[in-house]
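**Q** Next come a sequence and a model predicted from it.
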Amino acid sequence: MGFYNVVNATSLQAGFPEDVSQVLANFQAIAAVLNGGIDDSNVNAGANISLSKLNLPQDLLHALLPIGGFIPYLGASDPAGGWFMIFDGRSLLRASYVDLFNLIGTTWGSVDGTHFNIPDFRGRTVFGVDGAAARLTANDTLGAFGGVEKHPLVEAELGSHDHDMSSHTHAYSHDHITQTGASVGGGGQVTRGTGVVVDLGGGGAGAPCKIFSGSTGGPSTNLTGAAGSGTAHQNMPPYGIANWLGRVL
């Protein structure tokens with residue numbers, strides 16, 4: 001088996017072992033590459049590849065998060081580099097962000113023929129496009145918005161129900177007056193001392209009678225008391241606040 005100097009390829013001699021230090025240097029170089037230490041010092045100058053020919057940050061971004069992708073972000077402003085922006089609905093030049101514009105077009109709006117808007121996800125969560133899943137009944141297409149923080153209930157949103165009414169009475173104020181010293185005529189009428197004639201519908205002469213005087217009161221129409229305020233109720237789950245950070249370059 002031949003031994004070769006792979007550090008200095010011009011001095012290869014079959015059958016002659018090389019200096020162990022050179023072999024060790026080879027292993028160290030390989031270990032550095034495997035550990036991410038790729039630079040021009042361990043890439044052969046004559047090879048068809050060099051660090052300057054590699055676009056590692058961009059390639060890694062494509063692999064990890066494509067243009068138009070977005071993630072939660074705890075920063076308050078855009079990070080340096082220009083590749084990412086907080087999705088706050090701002091307007092961008094189409095000529096400056098060609099790939100992003102080709103991807104989303106004017107789905108999220110535009111101010112004119114040379115600009116386009118990125119999504120405005122401030123104060124919003126994000127659902128997947130519903131499509132044929134039919135889990136959402138409205139505002140379920142790409143670029144749509146929906147939902148509210150608070151909502152007052154209307155009658156159609158209430159469940160069917162009854163209001164029970166407890167047992168009660170309705171007072172009716174009136175008097176019963178016994179007429180004395182009245183005479184009953186042959187036609188069944190009694191004449192009071194004031195000259196008021198009350199028809200009793202019959203009766204014998206001299207029979208005592210009771211006459212209803214004026215009355216007050218009546219049945220109540222207010223069966224149950226009103227309850228509730230009609231104000232909007234909280235429509236939010238437990239939540240935490242962060243920014244949506246999207247890749248634009």
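**A** Cool, got the structure. Numbering: from 1, shown residues only.
**Q** what about stretch 107-126, how long is it end to end?
**A** From its first residue to its last, stretch 107-126 covers 15 Å (CA to CA, to the nearest Å).
**Q** Likewise for stretch 79-94?
**A** End-to-end distance (CA to CA), stretch 79-94: 21 Å.
**Q** in that stretch, what counts as buried?
**A** For stretch 79-94, the neighbour count (16 or more other CB atoms under 10 Å) marks 83-87, 92, 94 as buried. To be clear about C-beta, it is placed using only N, CA and C from the backbone, and glycine gets the same treatment.
**Q** average pLDDT for it?
**A** Mean per-residue pLDDT for stretch 79-94: 95.
**Q** if we can go back for a sec, go through the buried residues of stretch 79-94 and name the one nearest Met236.
**A** Phe87 (20.2 Å; CB to CB).
**Q** one step back: which of the buried residues of stretch 79-94 fall in strands?
**A** Here DSSP state E is the test, and these give 84-86, 92 as lying in strands.
**Q** Closest to Leu64 out of these?
**A** Distances from Leu64 to these, taken by CB to CB, are shortest for Phe84, at 11.9 Å.
**Q** Now for the closest one: which residues touch it?
**A** 73, 78, 245-248 (CB atoms under 8 Å, 6 or more residues apart in numbering).
**Q** Can I get the buried residues of stretch 79-94 in a markdown table including distance to Asp112?
**A** What follows is the buried residues of stretch 79-94, written out as a markdown table (distance: CB to CB, whole Å):
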| residue | distance to Asp112 |
| --- | --- |
| Trp83 | 25 |
| Phe84 | 25 |
| Met85 | 20 |
| Ile86 | 23 |
| Phe87 | 20 |
| Leu92 | 12 |
| Arg94 | 10 |
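**Q** Among these, which pair sits farthest apart?
**A** Pairwise over the buried residues of stretch 79-94, using CB to CB, the maximum falls at Ile86 and Arg94, 19.7 Å.
**Q** and His233, what does it touch?
**A** 150-153.
**Q** how about a markdown table for these, with distance to Leu100 and secondary structure added?
**A** Putting those into a markdown table (distance: CB to CB, whole Å; DSSP: H, G, I helix; E, B strand; the rest coil) gives the following:
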| residue | distance to Leu100 | secondary structure |
| --- | --- | --- |
| Lys150 | 34 | strand |
| His151 | 35 | strand |
| Pro152 | 40 | coil |
| Leu153 | 42 | coil |
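**Q** need the residues you listed in a markdown table with pLDDT, neighbour count and distance to Asn139, can you?
**A** Listed next are the contacts of His233 as a markdown table, based on pLDDT from 0 to 100; neighbours: other CB atoms under 10 Å; distance: CB to CB, whole Å:
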| residue | pLDDT | neighbour count | distance to Asn139 |
| --- | --- | --- | --- |
| Lys150 | 83 | 10 | 18 |
| His151 | 81 | 12 | 15 |
| Pro152 | 80 | 11 | 20 |
| Leu153 | 79 | 12 | 20 |
